[in-house]
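*Asks:* Let me see the structure of the following:
(2 chains)
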Amino acid sequence: MSAATRAFRAALPTCTPIITSFLALGISCGLLVTVNGLPFWYAPLMSVVIFGGSLEFVTITMLVGTFAPLETIVIAFMVQARHIFYGIAMLGRYDIRDWKRTYLIYSLCDETFSINRTVDAPEGVDRNWFMFAVSLLNQLSWILGTTIGAVVGMLIPWDLSGLGFVMTALFVVILLENMLKDRRPLSAVIGFASAVVCLVLFGSGSFLLPTLVLMVVLLLVFRGPVQEGFR
Amino acid sequence: MMSPVEQILVIVICGIVTLLTRFLPFVVFGREGEVSPRVSYLGRALPAALFAMLVVYCLKDVDFLGGVHGLPEIVSIAFIVVVHLKWRNMLLSLVGGVAFYLVVGQLLTLLP
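*Replies:* Prediction:
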């Protein structure tokens, strides 16, 4: 058995929970693509070009809006900025001289980070191949899920627009998980208040940029109390 | 409505920004890196604020003043919060939440 085969066999059971949730989430993400009237191949395209679940959901809503490149850049950066911290945490583990390094860094999403940061390759399995297998299995299940969802959304004749609520549900759950990390989730309150104020002031078409600015300013101003609420 | 070229451009922009955030630490720091306390504070505090904003973003076109006053959304979000706090299972919360929303939405259209 080659080093690669051994690594994939070892990685599969480790990744199974993530593969399952990537298939399910991917299907809902793909459904949203075609339900919104976008071509089905945008789903696999985004899963390769972006490969970041939250941003792909947000991108779908941007694709049905008006073309605003600057806003796209800022929002994409804010949604993805946490990857910078994953990268910093992985500097040591990904410090390898191997062709796989480029792929490992490109595909470092939340879930892959959580495994490759904490799980070590089992005895007798090559470390680099193991991390590579984890990353690839996760991404392949995401690509498969979004593609299935997009094709299904194209074939189903009845109105599925209520499914758009899956995105709200997803963000509510992620928000909740983030709030549970704190004793007092003041940063969530700041984000919510900034968004509501800017929505009222600027209208639904152009409130994201001002919200992001206001949010960062408020977080810096109230740094003391916010940090006290951290667990 | 965007042209297909503009749409592809949006996807590519999001892709490039994502690549940037993933490769930046490896390009900037050779090995173990130092981050300023303010940056690491923002890294810890931003996600919750950001997802709160995205929830508002999802609800931006809901009419809270007229119609059914956003009742299906409010009740469904409350349902998701309760289900998630009870079981802490993401898939269950999502599937349950969307199913609940679809049913409540249908029921409310039956009201006089």
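*Asks:* Next up, the contacts around residue 62.
*Replies:* No chain in the question, so chain A it is. Applying CB atoms under 8 Å, 6 or more residues apart in numbering or on different chains to A:Met62 gives the contacts A:Ala68, A:Glu71, A:Thr72, A:Ile75, B:Val10. (C-beta placed from N, C-alpha, C; glycine too.)
*Asks:* my bad, the chain I had in mind was chain B
*Replies:* Here B:Val62 is in contact with B:Gly70, B:Glu73 (CB under 8 Å, 6+ apart).
*Asks:* how far away is it from A:Thr61?
*Replies:* From B:Val62 across to A:Thr61, the span is 14 Å (CB to CB, to the nearest Å).
*Asks:* What sits closest to A:Ala188 if chain neighbours are left out?
*Replies:* Nearest residue to A:Ala188 in three dimensions, chain neighbours excluded: B:Ala48, at 4.1 Å (CB to CB, 6 or more residues apart in numbering or on different chains).
*Asks:* Now that the one you found has come up, it's in contact with A:Leu175, right?
*Replies:* Yes: if you go by CB atoms under 8 Å, B:Ala48 and A:Leu175 touch, sitting 6.6 Å apart.
*Asks:* Show me which of these two is the more surrounded one.
*Replies:* Taking neighbours as other CB atoms under 10 Å in any protein chain shown, B:Ala48 and A:Leu175 compare with B:Ala48 leading, 29 against 24.
*Asks:* Could you say which helix or strand holds the more buried one?
*Replies:* Element membership of B:Ala48, judged by DSSP states H and E, is helix B:37-58.
*Asks:* how about the lowest-mean-pLDDT helix or strand in chain A, does it reach chain B?
*Replies:* In chain A, no helix or strand scores lower on mean pLDDT, DSSP states H and E than helix A:82-90, which sits at a mean of 85. Yes: Helix A:82-90 is in contact with chain B by CB under 8 Å from any CB of the partner chain, via A:Arg82, A:His83, A:Ile84, A:Phe85, A:Tyr86, A:Gly87, A:Ile88, A:Met90.
*Asks:* now swap in stretch A:120-139 and tell me
*Replies:* No: if you take CB under 8 Å from any CB as the test, stretch A:120-139 misses chain B, and the best it gets is 11.6 Å.
*Asks:* Just the C-alphas of that stretch, formatted as PDB.
*Replies:* Presented in PDB, the C-alpha positions along stretch A:120-139 are these (Å, rounded to 0.1, in the frame of the first residue of the first chain):
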ATOM      1  CA  ASP A 120      -2.000  13.900  14.500                       C
ATOM      2  CA  ALA A 121      -1.400  11.300  11.700                       C
ATOM      3  CA  PRO A 122      -1.700   7.800  13.200                       C
ATOM      4  CA  GLU A 123       1.400   5.600  13.700                       C
ATOM      5  CA  GLY A 124       3.000   4.600  10.300                       C
ATOM      6  CA  VAL A 125       1.100   7.200   8.300                       C
ATOM      7  CA  ASP A 126       3.000  10.000   6.500                       C
ATOM      8  CA  ARG A 127       2.200  13.300   8.200                       C
ATOM      9  CA  ASN A 128       2.100  15.400   5.100                       C
ATOM     10  CA  TRP A 129       0.000  12.900   3.200                       C
ATOM     11  CA  PHE A 130      -2.400  12.700   6.100                       C
ATOM     12  CA  MET A 131      -3.000  16.500   6.300                       C
ATOM     13  CA  PHE A 132      -3.300  16.600   2.500                       C
ATOM     14  CA  ALA A 133      -5.900  13.700   2.600                       C
ATOM     15  CA  VAL A 134      -7.900  15.500   5.300                       C
ATOM     16  CA  SER A 135      -8.000  18.800   3.200                       C
ATOM     17  CA  LEU A 136      -8.800  17.100   0.000                       C
ATOM     18  CA  LEU A 137     -11.600  14.900   1.400                       C
ATOM     19  CA  ASN A 138     -13.200  17.900   3.000                       C
ATOM     20  CA  GLN A 139     -13.000  20.000  -0.200                       C
END
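*Asks:* Identify the residues contacting that stretch?
*Replies:* A:3-4, A:6-8, A:10-12, A:14-15, A:18-19, A:22, A:47, A:51, A:93-94, A:96, A:98, A:100, A:103-104, A:107-109, A:111-112, A:115-116, A:119.
*Asks:* which residues touch A:Glu177?
*Replies:* So A:Glu177 contacts nothing (CB under 8 Å, 6+ apart).
*Asks:* then whichever strand or helix holds it to CSV, C-alphas only?
*Replies:* If you go by DSSP H and E, A:Glu177 is part of helix A:165-179. Output in CSV follows, covering the C-alpha atoms of helix A:165-179 (Å, rounded to 0.1, in the frame of the first residue of the first chain):
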residue,chain,number,x,y,z
PHE,A,165,-34.1,30.9,5.0
VAL,A,166,-31.4,28.3,5.3
MET,A,167,-28.8,31.1,5.1
THR,A,168,-30.4,33.0,7.9
ALA,A,169,-30.6,29.8,10.0
LEU,A,170,-26.9,29.1,9.3
PHE,A,171,-25.8,32.6,10.4
VAL,A,172,-28.0,32.4,13.5
VAL,A,173,-26.4,29.1,14.5
ILE,A,174,-22.8,30.3,13.8
LEU,A,175,-23.6,33.5,15.7
LEU,A,176,-24.9,31.5,18.6
GLU,A,177,-21.8,29.3,18.7
ASN,A,178,-19.6,32.5,18.8
MET,A,179,-21.7,34.0,21.5
